[in-house]
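K.L.:
Just the structure for this:
(chains A and B)
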Amino acid sequence: DAGVTQSPTHLIKTRGQQVTLRCSPKSGHDTVSWYQQALGQGPQFIFQYYEEEERQRGNFPDRFSGHQFPNYSSELNVNALLLGDSALYLCASSFGQGSLDEQYFGPGTRLTVT
Amino acid sequence: KQEVTQIPAALSVPEGENLVLNCSFTDSAIYNLQWFRQDPGKGLTSLLLIQSSQREQTSGRLNASLDKSSGRSTLYIAASQPGDSATYLCAVRGGTYKYIFGTGTRLKVLA
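P.N.:
Okay, here's the model as predicted:
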């Protein structure tokens, strides 16, 4: 079992650019959630995708968008990057129809905006 | 609005000590609570999940309890080891699908 995988591991971008981060869920999982974690803080919920649709969204601007593919993998897109977008971006997968809803996290993508 | 607090923010203990990490939440209407471990610069590793109908869960040297009425959960680590050094995060899910995280407790176990 490969677990949750994310790519790339690290990324450096310039202010104003756009970035796409990718996530493959754990085998058997159909739900993907994205979180942003600033240094020294707990993860902040960005949004969750289930059945290829955004099911829940946190307090993030529309510059943050996502997509889920039929194989349940997901992308997070961030437009017009700001310095404040520098963070560790975490993807979590779970089984959307189960009552347990245990979240399994990937290793994260470290985004640095200069 | 749900808020999650973890105290203490940092903890340093000698190897072999039993310890308790605390997690408080403001809204008792939760669906479940999950404890995670995070090593520096890494992703989160799930330790224990407690559903709202449960009082505690155990895995090896770890025991997590939940008291919804008082808005508290504790993570008990028995016979701590240097390999337990990490940041421990608790996360609460309410009636929506999102998890609200605390800021974590940074644990250092000294050999």
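K.L.:
Can you name the residue of chain B nearest to chain A?
P.N.:
B:Phe101 (3.3 Å; CB to the nearest CB). Any C-beta I mention is one placed from the backbone N, CA and C, and that applies to glycine too.
K.L.:
Report the contact partners of the residue of chain A found nearest chain B.
P.N.:
Among the residues of chain A, A:Gly42 lies closest to chain B, at 3.3 Å counting by CB to the nearest CB. Residues near A:Gly42 by CB atoms under 8 Å, 6 or more residues apart in numbering or on different chains: B:4, B:89, B:91, B:101-104.
K.L.:
cool, and B:Thr5?
P.N.:
Residues in contact with B:Thr5, defined by CB under 8 Å, 6+ apart, are B:23-25, B:102-103.
K.L.:
again with A:Gln17
P.N.:
A:Leu81.
K.L.:
just B:Gln57 next, same as before
P.N.:
Counted by CB under 8 Å, 6+ apart, B:Gln57 has contacts B:48-50, B:63-64.
K.L.:
near chain A, which residues of chain B?
P.N.:
Residues of chain B found near chain A (CB under 8 Å from any CB of the partner chain) are B:4, B:31-32, B:34, B:36, B:41-46, B:49, B:51, B:89, B:91, B:93, B:96-104.
K.L.:
The same query, at a cut-off of 7 Å, please.
P.N.:
B:32, B:34, B:42-44, B:46, B:49, B:89, B:93, B:96-99, B:101-104 (CB under 7 Å from any CB of the partner chain).
K.L.:
Buried among those? Make that a PyMOL selection.
P.N.:
To isolate the buried members of the residues of chain B next to chain A in PyMOL, using 16 or more other CB atoms under 10 Å in any protein chain shown:
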select buried, chain B and resi 32+34+43+44+46+49+89+93+97+98+99+101+102+104
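K.L.:
picking that back up, ok, which pair from the contacts of B:Gln57 is furthest apart?
P.N.:
Farthest-apart pair in those is B:Leu49 and B:Asn63; separation 13.2 Å (CB to CB).
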